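S.K.: compute the structure for the input listed below.
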Amino acid sequence: MRCGLIGERLSHSYSKEVHELLSDYEYGLYPIAPDELENTVKNGGFDGLNVTIPYKKDVIPFLDGISPEAEKIGSVNTIVFKDGRRLGYNTDYYGFSFMAERAGISFENRKILILGSGGTSLTAAAVCKDCLAREVIVISRRGTDNYENIDRHFDAEVIINTTPIGMYPDNEAEPLVKLDKFPFLKGVIDCIYNPLKSRLLLEAENRGIAAAGGLVMLVAQAKKACEYFTGKDIDDCKITEIYENIRRKTANIALIGMAGAGKSTIGRIIAEKTGRKFIDTDTEIEMKTGMTIPEIFGKFGEERFRREEEEIILKFAREKGAVIACGGGVIKSERNIKNLKMNSVCVFIKRNADLLALSGRPLSKDLETVKKLYAERLPLYNSLADFTAENLGTAENTALNIIGELHL
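M.R.: Numbers count the residues shown, from 1 in each chain. Below you'll find the predicted structure:
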């Protein structure tokens, strides 16, 4: 069987990895321009196709028939080529429903705001209405309900982002809404799956609001599409299994902690044992500037170093599956924290202050200074960390503990 995904921008897609874990058919990514859509669908030689932004509505005229749910929604994301006919389905409905239920986000008797008016928006609206939402409002740039007057919907209880705002590689793009404008929010869903956590989701989590990202939806809809392609049922437990597999493979491991705690040594060991790329942010800064860290501090001061650090963190936080050893003061920047949290599991390498290596550390002049600095930073390390690893023995043992804890 020959299957694949068509869309305009596919460099961010995990669909190939997901489908390869679901079945043994050939699955490729095929970015196409709008004027290539008809020929690709009619003459591409496929047995099955998935369709993503911006073609979920545009593809319908080229099909011989569509399923009842696709017709109701007005959007197709799965095409099966069978007996000379091209049949369209909407598996996003199943994927979206699974994602919301898994996150414990209910739509019943609630006011829902959907950001965006494309194919995924149509699917989200259909699910919300079928789940007895009290009101469903679609926000678009030019519609009656738009981003200029969105404040009038302050009583929204669930916000759903179906736009690509915040999607890789534009991870730092500002969300279309500020959640502090919506005091009655009970849930936030962002259909983006790369990065794993968009800025919108991070804001929701910080506010203690139930949140769901698009990776679960991607895997769930792919499972349903695979069933259409092959004609074979797949147990729902496969969704969680593949989700965890993809999440582990794609999330970076960001090591944070004091300078001299052993982050670089531990990071190299983790990378070597797991086959991951290793990145040392201090080394990257030195390569970029042509100066050592002490030279940057000496000539330009800490502020210049922090600016360079922010740009390096932004660049490498977009990586997939890397091990990133971060500088000790990385947690001083809110921008760094947001960028790391989007696509990384943050591990705090904790080591007693009197065991820290001080040589070559611009801010670690003596033990008393280090202890004071440690006390200031400890709450920030603890706040950012998803997991703390005590580095009291050998670097190898600490690395192996992290590998085991994170199931790498």
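
S.K.: low-confidence regions, the protein specifically.
M.R.: 358-365 (pLDDT under 70).

S.K.: which residues in the stretch 201-350 of the chain form helices?
M.R.: Secondary structure of the stretch 201-350 of the chain (DSSP state H, counting those that start in this stretch): helices at 214-230, 237-250, 263-274, 281-289, 293-300, 302-317, 334-343.

S.K.: pick the most buried one from the ones you listed.
M.R.: Looking across the helices of the stretch 201-350 of the chain with neighbours counted as mean count of other Cβ atoms under 10 Å, the highest average goes to helix 214-230: a mean of 25. The C-beta positions use only the backbone N, C-alpha and C, and glycine is treated the same way.

S.K.: to Asn401, which of the helices of the stretch 201-350 of the chain lies closest?
M.R.: In terms of Cβ to Cβ, the element of the helices of the stretch 201-350 of the chain nearest to Asn401 is helix 263-274, at 9.6 Å.

S.K.: sorry, back to before: which one of the helices of the stretch 201-350 of the chain lies closest to Ala133?
M.R.: helix 214-230 (17.8 Å).

S.K.: among the helices of the stretch 201-350 of the chain, which comes closest to Asn171?
M.R.: Of all these, helix 334-343 comes closest under Cβ to Cβ, at 5.6 Å.

S.K.: what is the closest one packed up against?
M.R.: Other helices and strands packing on helix 334-343, by 3 or more Cβ pairs under 8 Å, 6 or more residues apart in numbering; DSSP states H and E, are helix 199-206, strand 252-256, helix 302-317, helix 367-384.

S.K.: partner strands of the second one and their direction?
M.R.: Looking back up the chat, that one is strand 252-256. strand 323-325 (parallel), strand 344-350 (parallel) (DSSP bridges).

S.K.: what's the angle from it to helix 334-343?
M.R.: Relative orientation of strand 252-256 versus helix 334-343 (axes from the mean of the first three to the mean of the last three Cα atoms, to 10 degrees): 140 degrees.

S.K.: could you identify which of the strands paired with strand 252-256 is most buried?
M.R.: Comparing those by mean count of other Cβ under 10 Å gives strand 323-325 as most buried, with a mean of 28.

S.K.: can you list contacts of it?
M.R.: Contact with strand 323-325 is made by 252-255, 263-264, 266-268, 270-271, 274, 276-282, 316-317, 340, 344, as judged by Cβ atoms under 8 Å, 6 or more residues apart in numbering.

S.K.: likewise for stretch 69-85?
M.R.: 41, 46-52, 56-57, 59-60, 63-66, 86-93, 119-120, 122-123, 126, 221, 224-225, 228-229.

S.K.: now do 6 Å
M.R.: 46-51, 56-57, 59-60, 64, 66, 86-93, 119, 122-123, 126, 225, 228 (Cβ atoms under 6 Å, 6 or more residues apart in numbering).

S.K.: of these, just the buried ones, ChimeraX syntax please.
M.R.: Entered in ChimeraX, the line below selects the buried ones among the contacts of stretch 69-85, by 16 or more other Cβ atoms under 10 Å:
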select :46,47,48,49,50,51,56,59,60,66,86,87,88,89,90,91,92,93,119,122,123,126,225,228
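
S.K.: tell me which of the contacts of stretch 69-85 fall in helices.
M.R.: 92-93, 119, 122-123, 126, 225, 228 (DSSP state H).

S.K.: and the spatially most central residue of the chain, how close does it get to Val51?
M.R.: Using Cα atoms, centre = their mean, the residue of the chain that lies closest to the mean C-alpha position is Leu196, 1.7 Å off. Note on Leu196: its distance to Val51, by Cβ to Cβ, to the nearest Å, is 23 Å.

S.K.: one more: Met167?
M.R.: 17 Å.

S.K.: kindly report the same for Ile159.
M.R.: On the measure of Cβ to Cβ, Ile159 and Val51 end up 25 Å apart.

S.K.: where does the closest residue to Pro31 other than its chain neighbours sit: helix, strand or coil?
M.R.: Nearest residue to Pro31 in three dimensions, chain neighbours excluded: Leu10, at 4.6 Å (Cβ to Cβ, 6 or more residues apart in numbering). Per DSSP: H, G, I helix; E, B strand; the rest coil, the local secondary structure of Leu10 is coil.

S.K.: so Leu10 makes contact with Tyr30?
M.R.: No: with contact defined as Cβ atoms under 6 Å, Leu10 does not reach Tyr30; the gap is 7.5 Å.

S.K.: neighbour-wise, which of these two wins?
M.R.: Using other Cβ atoms under 10 Å, the more surrounded residue of Leu10 and Tyr30 is Leu10, with 18 against 15.

S.K.: hang on, the earlier thing: quick one: which of the helices of the stretch 201-350 of the chain is nearest Phe107?
M.R.: Using Cβ to Cβ, the helices of the stretch 201-350 of the chain put helix 214-230 closest to Phe107, at 14.7 Å.

S.K.: list the helices and strands that closest one packs on?
M.R.: helix 15-22, strand 78-82, helix 92-103, helix 237-250 (3 or more Cβ pairs under 6 Å, 6 or more residues apart in numbering; DSSP states H and E).

S.K.: apart from its neighbours in sequence, what residue is nearest Glu174?
M.R.: Arg199 (7.2 Å).
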